[in-house]
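S.K.: Need a 3D model of the following:
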Amino acid sequence: MKSFMPLKMRVGLGQFNEITDEILTFIKQMGADDFLMNTPKLPGTTQWKYEDLANLKDKADKADLRLMALENVPISFYDKIMLGLDGREDQLQNMIRTVRNMGRANIPILGYHWMPSGVWRTPNLQSKIRSAKLRGGAKSTRFNQADHDNDPPTHGRKYTHDEMWKNYCWYLERILPVAEESNVRLALHPDDPPTANMLGGVARICSSFDDFKRNMSAFDSPNHGLNFCMGCWSEMGGNKSVLDSIEYFQSRKKIIYIHFRDVIGTADNFHETFIDCGQVNTFEVVSLLYRLGFNGFMITDHVPAIIGDTEWGHRGRAHCVGFMQALIQTVEKLKP
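M.R.: Predicted coordinates:
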C-alpha cells in the first residue's frame, strides 16, 4: 500500500467514476501512483457509506495505488444546502456521515464545488456535444455566455450572490469542523465557467481571485484549500491570472491538488484545448509550483476527444500525462 507521507510534486490520474482492472492498469502504466475519482458510482442515494468507500480504498491498495481524493458528491446530496431550502438539515447530517466515513476509510481529500446547476457548456454539458474542433479533427467543449443569457432559471427562481454566500457560510461553519475531526481535507473547485453572470438564474460565488480570497480567509484551516483548476483560472485572466493566484494561494499552502488543463478565450467565451497549445505558459506554472514547494499531485482533467479513444479518454489522458511528467522532470533538472 502506498504511503500518504509528504511527497514531491507529481502527476496523478482522474476523473474516473468507477474502478476497473483496465483503469487501474492504465494508471500504473502511465507511471502514476495517485488517482482520484469524480462522483464515483456508489450505491448511496443520500450519502456514501463506509463499506462502499472502504471497498474503493481496498481496490486501490491492492493495485499499489493511492486513492487520494473523491471529487464531488452527487449534487442531489447537498443541493438544498447550496440553495438554502427546506431539507438542508437532513442533507447536512448525511454529508457529515459521508465525511466521517471518508476519514474512517482513509481517503484524505473531498473535492467540492458550489454549483447547484453543475458545469455549463454550450450547447450544454449534459448533451455530451463536443462542439469545438481542434487540430486533426479532435473535439473539445466550448462556452459562450451570449448563448445562455435567456436561459430559464434551473431552480424555479433567481438566487442572488448574497443568498449563495450566506448558504455557503452556513455549510462551511458546520462541515469544516467535521472534516478537521475526520482528517479529511476539503478542496474547493472554481465555478465552471467562472463567469460573473448568473447561469440558470444562480449567482456564482467562486469565480474570481477576490471570491477565493474571501472563501479561504473566512474558513481558514489546514483542512480547507483549493482544487486549483488551471483551466478555470486561465478563463479568469489567462497566464497572469494563473501565475498570480498560484503565487498567492500556494505561498499560504492553500493548493491541495491541481487540474492541469487549459483553454483559449475568457470565462464568457472559450473553448478547451490540448494542454500544449493553450494560453498558459505551463513551464512557468510548474517552475513556480516547484519554487513554492508544492508537494501535491496534478491530474489530467478534461481532455479533447481524439480518434480511437475510450469513453474515459485514455489516449487524451496519456498525451497530457506525458506532457506534465516532462515539465516536472525538466524543472527538477534546471532547479536543483
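S.K.: Scan the helices and strands of this structure for the one with the lowest mean pLDDT.
M.R.: strand 132-133 (a mean of 85; mean pLDDT, DSSP states H and E).
S.K.: neighbouring strands for that strand, and are they parallel or not?
M.R.: strand 139-140 (antiparallel) (DSSP bridges).
S.K.: And the average pLDDT for whichever helix or strand comes after the strand it pairs with is what?
M.R.: The C-terminal neighbour of strand 139-140 among helices and strands, as given by DSSP states H and E, is strand 142-144. Averaged across strand 142-144, pLDDT comes to 94.
S.K.: ditto for stretch 8-28
M.R.: Averaging pLDDT along stretch 8-28 yields 96.
S.K.: For the helix or strand harbouring residue 93, C-alpha coordinates in CSV please.
M.R.: Using DSSP H and E, residue 93 falls within helix 88-104. Extracted C-alpha coordinates of helix 88-104, given in CSV (Å, rounded to 0.1, in the frame of the first residue of the first chain):
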residue,chain,number,x,y,z
ARG,A,88,-30.9,21.1,4.2
GLU,A,89,-30.6,20.0,7.8
ASP,A,90,-31.1,16.4,6.7
GLN,A,91,-28.6,16.8,3.9
LEU,A,92,-26.1,18.3,6.3
GLN,A,93,-26.4,15.2,8.5
ASN,A,94,-25.8,12.9,5.5
MET,A,95,-22.8,15.0,4.4
ILE,A,96,-21.4,14.8,8.0
ARG,A,97,-21.7,11.0,7.8
THR,A,98,-20.1,11.0,4.4
VAL,A,99,-17.1,13.0,5.5
ARG,A,100,-16.7,10.9,8.6
ASN,A,101,-16.9,7.7,6.6
MET,A,102,-14.2,9.0,4.2
GLY,A,103,-11.9,9.7,7.1
ARG,A,104,-12.6,6.2,8.6
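S.K.: outside of that helix, which residues touch it?
M.R.: Contacting residues not belonging to helix 88-104 are listed as 46-50, 53-54, 70, 73, 77-81, 110, 170-171, 174-175, 178-179, 181-184 [Cβ atoms under 8 Å, 6 or more residues apart in numbering]. From N, CA and C alone the C-beta is placed, and that goes for glycine too.
S.K.: In it, which residues are buried?
M.R.: 88, 91-92, 94-103 (16 or more other Cβ atoms under 10 Å).
S.K.: And the contacts of helix 88-104, which of them are buried?
M.R.: Applying 16+ other Cβ under 10 Å to those flags 46-48, 53, 70, 73, 77-81, 110, 171, 175, 178-179, 182, 184 as buried.
S.K.: Inside strands: which ones of the residues you listed?
M.R.: Judged by DSSP state E, the buried ones among the contacts of helix 88-104 include 70, 110 as members of strands.
S.K.: Over to the nearest residue to residue 115 once chain neighbours are set aside: give its phi and psi.
M.R.: Nearest residue to residue 115 in three dimensions, chain neighbours excluded: residue 191, at 5.8 Å (Cβ to Cβ, 6 or more residues apart in numbering). Main-chain dihedrals, residue 191, degrees, to the nearest 10: phi -60, psi 140.
S.K.: One more: residue 258?
M.R.: Taking degrees, to the nearest 10 as the convention, residue 258 sits at phi -130, psi 130.
S.K.: Help me confirm that it comes into contact with residue 296.
M.R.: Yes. Contact criterion Cβ atoms under 8 Å: residue 258 and residue 296 qualify, at 6.8 Å.
S.K.: between those two, who's got more neighbours?
M.R.: Between residue 258 and residue 296, counting by other Cβ atoms under 10 Å, residue 258 is the more crowded of the two (27 against 24).
S.K.: okay, that one: pLDDT?
M.R.: Reported pLDDT for residue 258: 98.
S.K.: Can you tell me how far the spatially closest residue to it that is not a sequence neighbour is from residue 255?
M.R.: Leaving out its chain neighbours, the residue that sits closest to residue 258 by Cβ to Cβ, 6+ apart is residue 298, at 4.2 Å. Residue 298 sits 10 Å away from residue 255, taking Cβ to Cβ, to the nearest Å as the criterion.
S.K.: same check, this time on residue 33
M.R.: 19 Å.
S.K.: Same question for residue 14.
M.R.: Residue 14 is 16 Å from residue 255, by Cβ to Cβ.
S.K.: Compare those two and say which is more crowded by neighbours.
M.R.: residue 14 (25 against 22).
S.K.: Contacts for the helix or strand that contains that one, please.
M.R.: Element membership for residue 14 (DSSP H and E) is strand 10-16. Contacts of strand 10-16 with the rest of the structure, by Cβ under 8 Å, 6+ apart, involve 23, 26-27, 30-38, 40, 68-69, 71, 257, 297-301, 312, 317, 321, 324-325, 328.
S.K.: Can you point out the buried residues in the helix or strand following it?
M.R.: Note on strand 10-16: by DSSP H and E, the next helix or strand toward the C-terminus is helix 21-29. Applying a neighbour-count criterion of 16+ other Cβ under 10 Å, one finds 23-24, 26-27 buried in helix 21-29.
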